[in-house]
Structure formats: C-alpha cells, structure tokens
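Visitor: The following block contains a protein sequence and its predicted model.
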Amino acid sequence: MMRALAAFLAFALVHVSFGSQAWAQVIGAVNAPVGGSAVAPVHPFSSPVTPVNAVSASLSNAGPAGSFLAASLPPAAFPHPSAVSAAASAAVTPGALVARPSAVAAVPGKVSETGPVTLQAGPRTGRIAGKTAAVIAGVRAFFGGKTVENVPAAEGAVALDAPLSAAHALGLTPTADDGALDARSDGGKNEPPVPPTAPDAGGANKGWFGLGRAAVFFIGALVVGQIGVEALGSAMPALVQKTFGDFTVVAQLGIFFSIASIIGRQLGPLAVTKWGLRKTYLLGTATRIVSISALCFLLATGHMTLPLMMAFYCMNGLIGGVTMTAETSIPPALMGSNQAKIEKFWTWEQTLLEIIGVAGPIVTGAVVTSMGFLPALLAFPAAFAIALAILFFTLRIPQKVEAMRLADLKNKKNDPQGVNGVRGAFGQFFHRVAAGAKLVWRNPLLRTSFLAYTVYMMLNPFLYSMIAPAYGILLVGADHMASVYGLLTGLYSFGGLLGGFLMIREQKKLHEAKKKGMSDAEESEALRRSMLKWMKWGAAGLLSILTLAVPISPLGALLHLPGFLSWAGALTLPAVALIPFGVAQVIATVKLRSYFQAKVPEGRMPEAMGFFGSASLAVSTLGLLALKYLFKNVGGSTPFMIIAALMIPLGVYYLYLTRGLSKVSAPPAGN
C-alpha cells in the first residue's frame with residue numbers, strides 16, 4: 001500500500017513539476033526511428049518528406065490517434081516521392097514540427113540533431129495539477145497580498161469541470177491549416193475564441209440570485225457563523241448570572257467591548273488600506289476564533305475571573321472592530337455603489353440571519369436548560385471555523401477596489417506618521433475619527449441617515465443584553481430565565497424574518513417594473529419612499545415595548561400545555577408583541593444602512609463605515625450603561641415602566657428624523 005501511494009505521489013509530482021506543454025516539447029523534438037537506423041542521422045530537410053505530406057491532411061483531425069497511425073504505417077504504404085509536389089517540403093516548418101508530433105514521428109529513419117531538449121514548465125492543465133495550482137495560488141494570493149486572478153498559477157489552472165481531451169492535455173496549439181480543417185469540421189465557422197467576460201463591477205450575476213458568486217458565499221459564511229453567535233449570545237446572560245451572581249455584568253462587559261470596538265473601527269481603515277479587505281477580514285476572524293475559544297474553555301472549566309473576562313472582551317472588541325469595518329465594507333465593494341444592489345445584498349443577508357436568529361435563542365434556551373452550557377460554548381468556535389474556511393476559498397475582492405487601495409497606500413508611503421506599525425496606527429486614531437466625522441457630518445444625507453440608523457438600531461443590543469434577561473429573571477427567576485429570554489429574542493427575530501420576506505417581495509416587484517421600462521431614477525425614488533414608509537412604521541412599532549410595563553406570567557403558568565407544546569410554556573405577551581416591532585425595525589435599519597452606503601463617495605467607504613460603526617456603538621454603550629444603573633438600583637417592574645415611558649419621546653424623535661430625511665433626500669424639482 002505504501003509503495004503504491006509513493007508511486008502515485010511521485011507520478012503526481014513529476015506531472016506537476018513540468019506541465020503538459022513541457023511533455024509536448026519532448027514529443028515534438030525527439031523523432032521516432034521508424035523504418036531506419038537510430039544511429040544514422042539524417043538532416044530533417046535533406047530529403048523529401050513524402051510520408052508527412054501524404055497523410056497529415058487525412059489524419060489532422062484524428063488527434064493523437066492519427067499520430068500513432070501515421071507513425072506505425074510501413075514505408076511501402078506511402079506514395080513515391082516523385083508524386084509529391086515541391087510545396088510539400090515547404091509545408092514542414094520548424095513550427096509545424098513542434099505543433100504536430102505526428103508529422104515528425106512519421107518521418108522514417110530520422111533522429112533529432114538539435115541536442116539536449118530544455119524543458120520549460122507549461123500551464124498545469126491536468127486534473128491533479130489544476131487542483132494543486134488552485135490551492136497554491138490561493139495561499140500565495142492570501143500571503144502575498146494579491147488576488148487569485150493576479151497569480152499566474154491560478155490563470156494557468158484549467159477549470160476542473162471542463163472536458164480534458166487528449167489534445168488539450170498535451171497543450172498543443174493548431175497551426176493555420178489546422179484552423180482551416182477545424183473550420184470545415186465545424187460547419188465553416190472560423191471565428192476567434194470569445195474572451196472571458198469580466199465580472200460586473202456591481203457583482204450582478206443572474207446565476208447567483210443576481211448577487212454574484214462571491215456575495216452569495218459571503219452571505220453563506222455569515223449565516224454559518226451566526227449559528228455560533230446566537231448560541232453563545234443566548235447562553236451568556238444565564239452563564240454570567242450563574243458564574244458571578246449578577247446578570248448586569250453582561251452590560252459591563254458589553255461596555256468594555258464597545259469601547260475597544262470603537263477604537264478597532266477607527267483602526268480598521270488603516271488595516272484595510274495596508275492589507276486589503278480580504279486579508280483584514282480573514283485574519284481578524286481567525287484571531288477572534290482563537291480568542292473566544294480560549295474564553296469558552298476557561299468558562300467551561302470554571303477558571304474564568306471577572307478581570308480576565310473583561311480583558312478577553314476588550315481584546316475581542318478591538319479585533320472585532322477592525323474586522324467589522326472590513327465586513328461592512330465588503331458588500332459595497334462586491335455590489336458597487338448602486339442602492340438597489342446594496343439593499344438586495346443586505347435584504348438576503350438579514351433574512352437568512354433572521355432564520356438563525358429565530359431558532360438559535362429558542363434552541364439554545366432548551367439545550368442550556370436540559371444539557372448545560374457546554375454545547376453553547378462549543379458552537380461558536382466550530383461555526384466560525386467553518387465560516388472562515390468558506391471565506392478563504394471563495395472571497396475575492398474586485399480588482400478595481402484593490403487597485404484603489406494600492407494607489408491609496410502608495411500615496412501614503414511618504415506620510416511621516418505612516419500606516420506602518422502599531423505606533424503609526426494609533427497615532428492616526430484621532431485623525432481618522434475627525435476625518436470620518438467630517439465626511440458624514442458635513443453631508444446632510446449621510447448625517448441624517450446615520451442618526452436615523454443609530455436610534456433605530458440601538459434597541460437591538462438593549463433588548464439582547466439587558467431587557468430580555470431582566471424580564472426573564474423578573475418572571476421566572478435566574479435559574480429558568482434562558483427559556484423566557486430565548487422566546488423574547490426568538491420572536492423578535494421572527495419579526496425580522498418576516499420583514500426580510502417583505503423586502504424580497506418588494507425587490508421582485510421592482511425587478512418586474514425594471515423589465516417594463518422603469519428608469520434608474522424611478523427605482524431610486526421608489527426605494528427612498530419605501531425607506532421613509534418603514535421609518536414611520538418603526539415609530540409605530542415602539543408601542544410594542546409598552547407591553548413590558550405590565551408583567552404577565554408566561555403561558556405555561558396560566559395553561560396546562562401538552563408535551564409537544566412544552567416549548568411554548570415560556571411564551572409571554574411582550575414576546576408576541578415584539579413580532580411586529582421586529583418587522584418594522586429590521587426593515588428600517590436595513591434600508592437606512594443601504595441608503596447611507598449608496599451615498600458615500602467612491603473610495604471612502606472604510607473611512608465612512610469606521611465612523612458610522614464607532615458612533616453607533618458609542619450611543620449603544622451609553623444606553624447600556626444607563627440600563628445597567630437602572631436595573632442595578634431599581635427593583636421589581638419599575639425599570640420596565642420607565643423604559644415604556646421613554647418610548648414616547650423616542651417615537652417623536654423617529655418621526656422628526658423621518659421628516660428631515662424626506663426633505664434632504666427629495667429629488668430636485670422638475671426631475
């Protein structure tokens with residue numbers, strides 16, 4: 001077995017080392033001693049080459065089989081040399097000898113006088129060579145800062161699903177008369193091959209749901225990773241309550257995480273400029289996997305302390321901030337600056353993530369209640385490792401975006417503060433904050449859409465980190481809070497899932513309208529009106545939060561449920577009310593983010609998204625700090641009454657921002 005494996009690997013290495021064109025050179029340069037002595041050299045052009053001219057025309061389309069036939073016919077089978085025209089000799093050129101091994105092999109009594117043959121590595125066109133070249137090209141592209149399209153080995157690799165004929169495996173190229181023969185066999189067509197079509201700058205590709213291959217796999221990787229996020233996030237409040245005796249520690253950890261993430265988001269544009277979107281995102285994700293795996297291990301073994309946990313959260317916040325800057329900049333890089341395409345990407349991403357968001361908390365709550373925290377702790381590193389593998393082999397950034405990055409990096413090489421090293425990166429921190437703030441704040445469209453996104457989005461971390469855990473403890477106590485928490489957040493995500501379906505339906509209608517002649521300007525106006533409509537529904541959806549002010553026991557405490565409905569025993573009135581709130585809130589945030597990214601000037605997306613994410617996190621951090629103080633110092637249901645009362649002025653501010661965005665985004669009069 002070992003010998004067979006060694007022989008196979010040796011064959012594979014020899015095949016890969018030279019490439020098929022190198023073997024073709026051997027075939028073309030070493031002439032077989034057919035019908036003559038191998039030791040009697042004859043000059044290739046010293047006598048008529050009747051056998052070549054006589055049989056090449058009839059055997060040209062026969063491929064390697066024709067070559068073998070021509071080489072194996074006896075000399076008596078060929079016409080007399082006098083019957084061959086003088087033009088026959090001229091047809092045999094050195095180029096033809098290389099292109100047609102059959103012609104050379106058919107010459108009797110000839111050996112090569114060209115001396116030793118120098119083998120040159122040709123394209124690796126075999127199946128083994130193609131796979132090997134593709135993998136090596138991916139590694140070279142990752143560590144060399146190039147896209148796979150720029151790596152010669154990747155360009156030489158043949159698609160593995162393409163038919164590999166014997167002629168193609170030899171790497172032979174037809175001469176002029178071969179082309180004529182091919183044209184005759186192809187019905188008279190003799191057209192040059194069609195060059196490969198470059199990918200659309202916006203990532204449009206009907207074969208990939210109109211998103212493009214890279215975008216589809218990117219969303220798929222995010223969905224896989226979200227499984228781990230939901231599992232760990234749903235288990236963390238109950239785990240912290242059990243470990244430290246105070247669930248509000250989650251808010252404290254979240255504050256440290258947010259502060260570090262704000263710094264990371266400002267360093268993100270520097271990392272993207274130096275290493276590119278792909279490498280920044282992959283390296284950041286890999287580092288987070290290692291860090292959070294260590295965190296989960298210490299929690300599972302009972303060796304975690306609060307200061308150590310804060311240190312882990314700070315480190316993950318810093319790395320996560322850099323990674324999130326790259327993550328939010330990748331969709332515009334793949335889809336272009338068209339609002340409809342960006343919104344389509346975020347719609348599919350949000351819809352698929354909400355599917356995980358619905359099931360994740362509910363399943364996690366049931367698993368934690370019955371099996372403990374270990375499965376939830378293992379889910380994150382496992383899911384993110386799979387997601388990272390998907391991205392490593394599928395994420396490709398368009399060359400236009402990479403060219404802009406390299407030009408920007410070249411312009412900054414002479415910067416005295418530079419982008420090299422940690423010191424230079426931190427030295428530009430406040431400069432980056434000021435530049436991003438100036439970009440967003442001086443543009444009315446960017447400023448208003450940023451403010452609207454921030455206040456619509458901030459209720460999401462409030463619900464997951466503080467409101468849902470506190471409500472579960474209020475109703476059923478700390479030991480059983482995971483089930484109530486899971487249904488609260490799960491049904492909120494179910495509302496977001498319904499919102500995703502509504503957005504997909506809207507996009508389908510717009511697509512049909514585009515087929516009937518809708519212009520790009522009309523499409524943009526339809527998307528703008530839809531955004532404003534859902535912002536108003538988001539203000540109305542705040543009424544759902546008012547149900548928290550009246551604590552009612554879960555359904556299981558009011559009714560005797562059969563066994564197959566035992567999961568619904570933790571169902572509460574606010575959980576049901578959060579469904580319509582989730583619909584409006586998710587649609588509004590997706591549309592606001594898409595609108596913001598569509599209006600960012602070209603080439604400044606990382607800078608804009610760095611400020612966008614940092615400022616939004618700062619607002620969320622202040623809100624979490626206030627909620628921690630509220631739940632820590634006020635007992636009973638009073639905190640929920642205060643939260644419900646605050647929804648009234650927040651709703652008024654929602655409507656104010658909706659009106660302001662309607663004014664600044666309105667098309668000029670006469671359009």
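Guide: Done, it's in. Numbering: from 1, shown residues only.

Visitor: Any buried residues in whichever strand or helix holds Leu308, and which?
Guide: Secondary-structure element containing Leu308, defined by DSSP states H and E: helix 306-335. For helix 306-335, the buried set under the neighbour-count rule, 16 or more other Cβ atoms under 10 Å, comprises 309-310, 312-335. (Glycine included, C-beta is placed from N, CA and C.)

Visitor: Equivalent analysis for stretch 608-625, please.
Guide: Counting neighbours by 16+ other Cβ under 10 Å, one finds that the buried residues in stretch 608-625 are 608-617, 619-621, 623-624.

Visitor: Return the subset of those residues lying in helices.
Guide: 608-617, 619-621, 623-624 (DSSP state H).

Visitor: Just the pLDDT for Thr325.
Guide: At Thr325 the predicted local confidence, pLDDT, stands at 85.

Visitor: pretty sure it is touching Met605, no?
Guide: No: in this structure, Thr325 is not within contact of Met605 by Cβ atoms under 8 Å, at 9.5 Å.

Visitor: residue ranges with poor pLDDT in the chain?
Guide: Applying pLDDT under 70 to the chain flags the ranges 1-207, 408-430, 567, 670-671.

Visitor: remind me, longest helix of it?
Guide: Residue-count comparison of every helix in the chain, with assignments taken from DSSP H, identifies helix 249-301 as the longest.

Visitor: that older thread, what angle do the helix holding Leu308 and helix 249-301 make?
Guide: 100 degrees (axes from the mean of the first three to the mean of the last three Cα atoms, to 10 degrees).

Visitor: What is helix 306-335 packed up against?
Guide: Contact analysis of helix 306-335 by 3 or more Cβ pairs under 8 Å, 6 or more residues apart in numbering; DSSP states H and E lists helix 213-244, helix 249-301, helix 339-371, helix 605-633 as its packing neighbours.

Visitor: picking up where we left off before, for the buried residues of stretch 608-625, which one is nearest Trp275?
Guide: Proximity to Trp275 was ranked across the buried residues of stretch 608-625 by Cβ to Cβ; first place goes to Gly610, at 15.2 Å.

Visitor: Starting from Ala260, give me the distance back to that closest one.
Guide: According to Cβ to Cβ, to the nearest Å, Gly610 and Ala260 sit 14 Å apart.

Visitor: what does Met481 give?
Guide: According to Cβ to Cβ, Met481 and Ala260 sit 27 Å apart.

Visitor: and what of Ser553?
Guide: With distances defined as Cβ to Cβ, the gap from Ser553 to Ala260 amounts to 40 Å.

Visitor: Who has more neighbours out of the two?
Guide: A count of neighbours by other Cβ atoms under 10 Å puts Ala260 above the other of Ser553 and Ala260, at 21 against 11.

Visitor: pretty sure that one is touching Ala311, no?
Guide: No: counting by Cβ under 8 Å, Ala311 is not a contact partner of Ala260; they are 10.1 Å apart.

Visitor: Only the C-alpha atoms, please, for stretch 382-402, written as CSV.
Guide: Once non-C-alpha atoms are left out, stretch 382-402 reads as follows in CSV (Å, rounded to 0.1, in the frame of the first residue of the first chain):
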residue,chain,number,x,y,z
ALA,A,382,-17.0,25.3,15.5
ALA,A,383,-19.3,27.5,13.4
PHE,A,384,-16.8,30.3,12.9
ALA,A,385,-14.1,27.8,11.8
ILE,A,386,-16.4,26.5,9.1
ALA,A,387,-17.3,30.1,8.0
LEU,A,388,-13.6,31.0,7.8
ALA,A,389,-12.9,28.0,5.6
ILE,A,390,-15.7,29.1,3.2
LEU,A,391,-14.4,32.6,3.0
PHE,A,392,-10.8,31.6,2.5
PHE,A,393,-11.7,29.7,-0.7
THR,A,394,-14.5,32.0,-2.1
LEU,A,395,-14.0,35.6,-1.0
ARG,A,396,-12.5,37.6,-3.9
ILE,A,397,-12.4,41.4,-3.9
PRO,A,398,-12.8,43.1,-7.4
GLN,A,399,-9.6,44.3,-8.9
LYS,A,400,-10.9,47.8,-9.2
VAL,A,401,-11.3,48.1,-5.4
GLU,A,402,-7.8,46.6,-4.9
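
Visitor: Please point out which parts of that stretch sit buried.
Guide: Of the residues in stretch 382-402, 383-385, 387-388, 390-392, 394-398, 401-402 count as buried by neighbour count, 16+ other Cβ under 10 Å.

Visitor: Surely Ala588 and Tyr456 touch.
Guide: Yes: taking Cβ under 8 Å as the contact criterion, Ala588 and Tyr456 are neighbours in contact, 5.0 Å apart.

Visitor: overlap in contacts of those two?
Guide: Shared contacts of Ala588 and Tyr456, defined by Cβ atoms under 8 Å, 6 or more residues apart in numbering, comprise 535, 538.

Visitor: quick one: which helix or strand includes the spatially closest residue to Arg604 that is not a sequence neighbour?
Guide: With Cβ to Cβ, 6 or more residues apart in numbering as the criterion, Arg604 has its nearest non-adjacent residue at 6.2 Å, and that residue is Leu439. Secondary structure here is read from DSSP H and E; on that basis Leu439 sits in helix 429-441.

Visitor: Show me what that helix is packed up against.
Guide: Taking 3+ Cβ pairs under 8 Å, 6+ apart as contact, the helices and strands that helix 429-441 lies on are helix 249-301, helix 444-457, helix 605-633.

Visitor: Mind putting these into TSV with distance to Lys515?
Guide: Putting those into TSV (distance: least, Cβ to Cβ, whole Å) gives the following:
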stretch	distance to Lys515
helix 249-301	33
helix 444-457	29
helix 605-633	30
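
Visitor: quick revisit: need the contact partners of the helix holding Leu439.
Guide: Helix 429-441 has contacts (Cβ under 8 Å, 6+ apart) with 263, 266-267, 269-270, 417, 446-447, 450, 600-601, 604, 607-608, 610-612, 614-615.

Visitor: buried residues in it?
Guide: Residues of helix 429-441 classed as buried: 432-433, 435-436, 439-440 (neighbour count, 16+ other Cβ under 10 Å).

Visitor: Repeat that for stretch 657-671.
Guide: Within stretch 657-671, judged by 16+ other Cβ under 10 Å, the buried ones are 657-658, 660-662, 665.

Visitor: ok, those vs Leu559, which is closest?
Guide: The shortest approach to Leu559 among these belongs to Thr658, at 40.6 Å (Cβ to Cβ).

Visitor: Touching, that closest one and Ala452? I think so.
Guide: Yes: with contacts counted by Cβ under 8 Å, Thr658 reaches Ala452, the gap being 7.4 Å.

Visitor: shared neighbours of these two, which are they?
Guide: Once Cβ under 8 Å, 6+ apart is applied, the residues that Thr658 and Ala452 both contact turn out to be Met535.

Visitor: what residues are up against the nearest residue to Thr572 once chain neighbours are set aside?
Guide: Spatially, and ignoring its direct neighbours in sequence, Thr572 is nearest to Pro554 (5.3 Å; Cβ to Cβ, 6+ apart). Pro554 is in contact with 475-476, 484, 569-572, counting by Cβ under 8 Å, 6+ apart.

Visitor: Ok, Ala645 next?
Guide: Ala645 sits next to Ala549 when contact means Cβ under 8 Å, 6+ apart.

Visitor: Recalculate using a threshold of 7 Å.
Guide: With Cβ atoms under 7 Å, 6 or more residues apart in numbering as the criterion, no residue contacts Ala645.

Visitor: in which helix or strand would I find it?
Guide: Per DSSP H and E: Ala645 is located in helix 638-664.

Visitor: burial measure for the nearest residue to Tyr464 once chain neighbours are set aside, as a count.
Guide: Leaving out its chain neighbours, the residue that sits closest to Tyr464 by Cβ to Cβ, 6+ apart is Thr489, at 5.9 Å. By the measure other Cβ under 10 Å, the count of residues near Thr489 is 29.
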